[in-house]
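S.K.: Need coordinates for the below:
(chains A and B)
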Amino acid sequence: MSTSATHGLGSPAAITRHAILLITGALILIPFVWMVSLSIKPPGEIFHASFSFWPKQFYGIENYTKALTEAPLPRYMLNGVFVCTMIVAAQVLVCAPAAYALAKLEFPGKNLLFAMVLIALILPHEVLSLPLFILGYQIGVLNTYAALVFPYVVSPFGIFLFRQFFKTIPDDVIHAARLDGLSELAIVWRIMVPMALPAIIAFGIFSVVGHWNSLFWPLIAVRDQNLMPPPLGIMAFKNEEAGNDYGPLMAASTIVVAPLIIAFLSAQRWFVEGLTGGAVK
Amino acid sequence: MAGITIEKIEKTFGATPVLREVSLKIADGEFLTLLGPSGCGKSTLLRILAGLEVQTAGSVAIGDRVVDGVRPKRRDVAMVFQSYALYPHMTVQDNMSVPLRMRRLTAWQRLPLLGRFLPGTKATAAEIERDVIRTAKALGIGHLLARKPGQLSGGQRQRVAVGRAMVRQPAVFLMDEPLSNLDAKLRVQMRAEIKELHNRLGVTFVYVTHDQSEAMTMSDRVAVMLDGELLQVAPPQEIYADPDDRRVAEFIGSPKINMLEAKLRDAALADAAGTSFTVAADAGPGTALTVGIRPEAFHLVETGGPNVLTGAVRLVEHMGSDLFVHLNVPGTEHPVVARLLAERAPQIELGQTLHLGVRPERLLIFAADGKRLRPQGHAGAKVLPIKERMQ
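M.R.: Numbers count the residues shown, from 1 in each chain, chains lettered A, B, ... in the order given. As a prediction, this is how the structure comes out:
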């Protein structure tokens, strides 16, 4: 976009660059296009040798109706919304004060704590699933919503991202707030968080996308269909109801992915600003 | 209404001392300026007064109350920061309301949504709004209340920052280089406004700056700081004319004071730069001294002699009313700068030999350790009337 405007499209380097971008973009997009395409095709056309995006016979209504009625897809979606909201809220609630302490307060052991956050950042979450499963069993929350939420309440990534952003806020603002009479917690919620809103929204999107799509932990943590988030629901749906009925399956997948795409597109401006804000400011 | 007593304040960051035994009494209603180059510890001292930083040793009292360990909120001080430190997500009105809301409303009343319906919230909020609007009008920012800081110019932001400090009527105003982000013209204007504000409010102001013209024009007293030490605290006029320390003399005044390395010949005469100066020093012959001469202390004389410097003109700077003449004087490290009346300009040419005389009572004599040596029975420096100065 802006690169082509400033450098021109004519040079071979620009053409190569755009070709690479187009190919990468296509590779990422093709499965989604295919998914949407399959979701509107009748069963007979799905395994046709030749590929066309638009079906000869439009079967979308049947597929989507089946997806929405044969399995409790709306229920899965609501589960997903509830769990993701709880996770994001809890994460911001925990990460913002922690990040404020790491960015702006002086206390012994601060660097050690931050190093531990960084180490936690490196660990893949799957490594922790067995201990978390045992912990969940011990405190008796397995197979509840709490089981889906509690492992994610403390997000090292969130702490790290907020800390970096808080560090760019001048100390004078905090000093002024202290003189104005704000307590440390009030400084976090009334000054730091509003000022870091782009970073928090960016983090929120990351978090929602990650947990909306997460399959691994819900697979371990819940068995009750009424608690399942969308991806797990789809899996259950595939096994039990649909069998090899790919049309409705793809329709369900499309329905599950759509909210994320809509949310991302509408918050895109914030997202980019949040990830680069600290650097540009 | 409160004076400030600072007693033997010390501050170290790690192993680096930033403040060394600073003691200072600031009178109620005084405008005191902490003046010094960057890194001298003046801002640190101000932050210790505000309670934003904790001293390593020593104690601070505001009014009759020792405030060591008292939270900034409870010290009854307000501060204006160099960067203004406004809250960018709030409107001007909200920015100015914060200190009042935090003081006049209870924690329950401040709750979003719910607080509005608690008894008393509405009346207090209306009162706060009234106070904010009155303060904003007094500062000429009444029409900006609905804007956010990002939509304001530097001068307007500065006023909002002053307004936020002023609105809660603190006993002490602390200002940390509030004008250094403004352009030169606005700075002069705001300088006058802050001074007027001080006259109007009559509360204690502690003002930190590295700009000597701000310090000289605004203050009742100036405290000159260097390397974490308080060198001299005195009215501006006295700081300039009667410095206690060589470093003070060198820091204050533009162009800089001329410093000549001298050797004492006897109790009344010192040799420097190829001439002899009349000094009164209680030291043995051969003692090293420094003779300081302000540029405006010179006057042109016809011939050389005692108390007269002779040298070749190296540079002439026209300043409109004044003339700065740089002279190469043999035996000095730096050119000697003299401030003469502009009418002299046609008579002075580059390379010409000039004789610059100076009255003995206008010499500032410093010992080798930088301390001022004053003649016996000295009652402060004489500040000569302007006519006599510009001969």
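S.K.: Burial check on the residue in the stretch 51-200 of chain A that chain B sits nearest to, number of neighbours?
M.R.: Nearest to chain B, among the residues of the stretch 51-200 of chain A, is residue A:181, at 3.3 Å (CB to the nearest CB). (C-beta placed from N, C-alpha, C; glycine too.) The tally of other residues near residue A:181 (other CB atoms under 10 Å in any protein chain shown) stands at 18.
S.K.: Please report how far it lies from residue A:26.
M.R.: According to CB to CB, to the nearest Å, residue A:181 stands 57 Å off from residue A:26.
S.K.: In contact with the closest residue to chain A within the stretch 1-150 of chain B, which residues?
M.R.: Chain A sits closest to residue B:102 of the stretch 1-150 of chain B, with a gap of 3.3 Å, by CB to the nearest CB. Contact analysis of residue B:102 by CB atoms under 8 Å, 6 or more residues apart in numbering or on different chains lists A:180, A:181, A:182, B:73, B:110.
S.K.: Chain neighbours aside, what residue packs nearest to the second one?
M.R.: Beyond its immediate neighbours in the sequence, the residue positioned closest to residue A:181 (CB to CB, 6 or more residues apart in numbering or on different chains) is residue B:102, lying 3.3 Å away.
S.K.: what's the helix or strand for that neighbour?
M.R.: Assigning secondary structure by DSSP states H and E places residue B:102 in helix B:92-104.
S.K.: Give me the mean pLDDT for that helix.
M.R.: In this model, helix B:92-104 has a mean pLDDT of 89.
S.K.: Would you mark the buried spots in it?
M.R.: Of all the residues in helix B:92-104, those buried under the rule 16 or more other CB atoms under 10 Å in any protein chain shown are B:92, B:93, B:95, B:96, B:97, B:98, B:99, B:100, B:101, B:102, B:104.
S.K.: Now find how far off-centre the helix or strand just after it is within its chain.
M.R.: Following helix B:92-104 in sequence order, the next helix or strand is helix B:121-138 (DSSP H and E). How far helix B:121-138 lies from its chain's middle: 34 Å, per CA atoms, centre = their mean, to the nearest Å.
S.K.: who's in contact with the next helix or strand along the chain from helix B:121-138?
M.R.: Under the assignment DSSP H and E, the closest C-terminal helix or strand after helix B:121-138 is helix B:154-166. Contact with helix B:154-166 is made by A:176, A:180, B:78-81, B:84-86, B:92, B:95-96, B:98-99, B:132, B:135-136, B:138-141, B:144, B:149, B:152, B:173, B:178-179, B:181-183, B:186, B:189-190, B:194, B:197, B:201, as judged by CB under 8 Å, 6+ apart.
S.K.: filter the residues you listed to the buried ones?
M.R.: Buried among those (16+ other CB under 10 Å): A:176, A:180, B:78-81, B:84-86, B:92, B:95-96, B:98-99, B:132, B:135-136, B:139, B:141, B:144, B:149, B:152, B:173, B:178-179, B:181-182, B:190, B:194, B:197.
S.K.: circling back: can you tell me which of the contacts of residue B:102 are in helices?
M.R.: Among the contacts of residue B:102, the ones falling in helices (DSSP state H) are residue A:180.
S.K.: now for the contacts of residue B:102, which pair is the farthest apart?
M.R.: B:73 and B:110 (14.0 Å; CB to CB).
S.K.: Determine the number of other residues adjacent to residue A:129.
M.R.: Residue A:129 has 17 nearby residues by other CB under 10 Å.
S.K.: going on from the helix or strand hosting it, what's the next piece of helix or strand?
M.R.: Assigned by DSSP H and E, residue A:129 belongs to helix A:129-138. Using DSSP H and E, the helix or strand that follows helix A:129-138 towards the C-terminus is helix A:145-149.
S.K.: Can you tell me which helices and strands that next one packs against?
M.R.: The contact analysis (3 or more CB pairs under 8 Å, 6 or more residues apart in numbering or on different chains; DSSP states H and E) places helix A:145-149 against helix A:73-104, helix A:216-221.
S.K.: Now the element after the first one, going C-ward?
M.R.: Note on helix A:73-104: by DSSP H and E, the next helix or strand toward the C-terminus is helix A:110-122.
S.K.: What of the last one?
M.R.: Read in the C-terminal direction, the helix or strand following helix A:216-221 is helix A:230-237, with elements assigned using DSSP H and E.
S.K.: Let me see the residues that make contact with that next one.
M.R.: A:70-73, A:75-77, A:79-80, A:212-215, A:218-219, A:222, A:225, A:228, A:249, A:252-253, A:256.
S.K.: got the residues of the stretch 1-150 of chain B near chain A?
M.R.: B:47, B:50-52, B:71-73, B:77-79, B:81-89, B:98-99, B:102-103 (CB under 8 Å from any CB of the partner chain).
S.K.: Please flag which of those residues sit within strands.
M.R.: When the residues of the stretch 1-150 of chain B next to chain A are checked against strands (DSSP state E), the matches are B:77, B:78, B:79.
S.K.: Next one, pLDDT for the first one please.
M.R.: Model confidence at residue B:77, given as pLDDT, is 89.
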